[in-house]
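S.K.: any chance you can model this:
(one chain, ligands or ions: 1)
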Amino acid sequence: MNRKELETSANAMMVKGKGILAADESSSTCKKRFDSIKVECTEENRRVYRNLLLTAAGSEAYVSGVILYDETIRQKTNDGTAFPAYLAQHGVLPGIKVDTGAKPLPGFPGETITEGLDGLRERLTEYYKMGARFAKWRAVIDIGAGIPSGYAIEANAAALARYAALCQEASIVPIVEPEVLMDGDHTIERCEEVTNTVLDRVFTHLYAARIHLEGIVLKPNMVVAGKKCAQKASAAQVAEATVRTLKRHVPAAVPGIAFLSGGQSPTQATEHLNLMNAAGPLPWALTFSYGRALQENALNAWAGKPGNLASAQSAYLNRVKLNGLAAVGKYSASMESAA
Ligand code: 13P
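M.R.: A predicted model of the protein is given here:
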């Protein structure tokens, strides 16, 4: 483990005014996104779409890193440059999703355990050689009747810690992503309660696994009400509950926190991030690592048509710029219509 290198990469990911693009959808998740715009999910179409996002000129002003999928890290831009090399040339850190997905947890109906530890050491060595300087592993915690169980939380926290240790051994910064889903009808209070427990268990396991906290990035959910909850929480409530929860569990040694968007609309995700940063000061950098909230407008503008490339890239650029501003508390809703 090279602690200095880990810290340098983590700090570069968390540089002020920038955040991370999550473009690491597995081929099956990508198919869902492409189905919504009626585009066939072929390897070439996935490459064309990722090329659109990754080569959007000027995005490097707001994007410090991009999370790639195993297929994507091996693909090339239109002019034949490997994606990780292209990103590095533009001062953007290449990252890689290394978990192999959330699978049913035996004995615990409705709950999952994230897999991918077997052979991970060797895969990380290969990814480092390909240019990856950070990785991602997503644990999924669902809220419902009688769930989550303590066992599911514990098993996922333990896997996250083992993943993080393997990453750090390979001088790759682990993004530690415990996602409490916003599906369901639970209240914001219930989300806060579960997120508190999950973060408590995750940091206990990270400490026990001797993780160098200065060389990780946390990727949590925001504390929000379930999508089907009748009582909607205001943006101010979300920002307040999220910061309160994070302050209780995330040591100041951690350089930064980059949220997932989790099903929030693009504008909600930006507004929430902005409110938290505007209310500062905070002990860590607070930014975005959005997938859907950064891509939704661009995906719809593209619709699989080559002629839409410029408008799709401009939709993406607009979104990363607004989130870059939110990462320093300088976004306002009026900027949406001005765009
Ligand atoms: P969303 O922002 O769409 O939730 O995706 C982020 C991510 O990387 C999920 O693992």
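S.K.: could you look up the SS state of Leu286?
M.R.: Assigned state for Leu286: strand (three-state reduction, DSSP: H, G, I helix; E, B strand; the rest coil).
S.K.: what's near enough to touch it?
M.R.: With contact set as CB atoms under 8 Å, 6 or more residues apart in numbering, Leu286 has these partners: Gly256, Ile257, Phe259, Leu273, Met276, Asn277, Ala327. (Each C-beta comes from the backbone N, C-alpha and C, glycine too.)
S.K.: which strand residues bridge Val180?
M.R.: Taking DSSP bridges as the rule, Val180 bridges to Ile141.
S.K.: measure it to Ala236 for me?
M.R.: Separation of Val180 from Ala236 (CB to CB, to the nearest Å) stands at 20 Å.
S.K.: higher neighbour count, the two?
M.R.: Val180 (28 against 12; other CB atoms under 10 Å).
S.K.: could you find the closest non-adjacent residue to the residue of the stretch 51-200 of the chain found nearest the ligand?
M.R.: Proximity of the stretch 51-200 of the chain to the ligand (CB to the nearest ligand atom) peaks at Arg138, 4.2 Å away. Spatially, and ignoring its direct neighbours in sequence, Arg138 is nearest to Glu177 (4.4 Å; CB to CB, 6 or more residues apart in numbering).
S.K.: now, the contacts of Leu286 that are in helices?
M.R.: Leu273, Met276, Asn277 (DSSP state H).
S.K.: ok, back up a step: most surrounded residue in the contacts of Leu286?
M.R.: Neighbour tally across the contacts of Leu286 (other CB under 10 Å): the maximum, 30 neighbours, falls on Leu273.
S.K.: got a list of what that one touches?
M.R.: Phe259, Leu286, Thr287, Phe288, Asn323, Ala326, Ala327, Tyr331.
S.K.: report the beta-bridge partners for the first one.
M.R.: When bridges are assigned using DSSP bridges, the partners listed for Phe259 are Phe288.
S.K.: surely it is in contact with Thr270?
M.R.: No: the criterion here is CB atoms under 8 Å, and Phe259 misses it with Thr270 at 10.7 Å.
S.K.: now do the SS call for Asn221.
M.R.: On the basis of three-state DSSP, Asn221 is classed as coil.
S.K.: wait, what's in contact with it?
M.R.: Neighbour list for Asn221: Pro178, Glu179, Val180, Leu181, Met182, Cys191, Thr195, Phe259, Leu260, Gly262 [criterion: CB under 8 Å, 6+ apart].
S.K.: could you measure from it over to Glu40?
M.R.: For Asn221, the distance to Glu40 (CB to CB) stands at 32 Å.
S.K.: over to the one residue in the chain that gets nearest to the ligand: give its phi and psi.
M.R.: When scored by CB to the nearest ligand atom, the chain has Gly291 as its residue closest to the ligand, at 2.8 Å. As for Gly291, its main-chain torsions (degrees, to the nearest 10) stand at phi -100, psi -80.
S.K.: that one against Phe259, yeah?
M.R.: No: counting by CB under 8 Å, Gly291 does not reach Phe259; the two are 11.0 Å apart.
S.K.: what residues does the chain put near the ligand?
M.R.: Residues of the chain found near the ligand (CB under 6 Å from any ligand atom) are Ala22, Arg138, Glu177, Leu260, Ser261, Gly262, Tyr290, Gly291, Arg292, Ala293.
S.K.: can I get the helix or strand harbouring the second one as PDB, trimmed to CA atoms?
M.R.: Taking DSSP states H and E as the criterion, Arg138 maps to strand 134-141. The C-alpha atoms that make up strand 134-141 are tabulated as PDB, following Å, rounded to 0.1, in the frame of the first residue of the first chain:
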ATOM      1  CA  PHE A 134     -10.000   4.400  -7.700                       C
ATOM      2  CA  ALA A 135     -12.700   1.700  -7.500                       C
ATOM      3  CA  LYS A 136     -16.300   1.300  -6.500                       C
ATOM      4  CA  TRP A 137     -18.300  -1.300  -4.600                       C
ATOM      5  CA  ARG A 138     -22.000  -0.800  -4.000                       C
ATOM      6  CA  ALA A 139     -23.700  -2.500  -1.100                       C
ATOM      7  CA  VAL A 140     -27.500  -2.300  -1.200                       C
ATOM      8  CA  ILE A 141     -29.800  -2.000   1.900                       C
END
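S.K.: same for it, what does it pack against?
M.R.: Packing partners of strand 134-141 (3 or more CB pairs under 8 Å, 6 or more residues apart in numbering; DSSP states H and E): helix 3-13, strand 63-68, strand 93-97, strand 102-104, strand 112-114, helix 150-169, strand 173-180.
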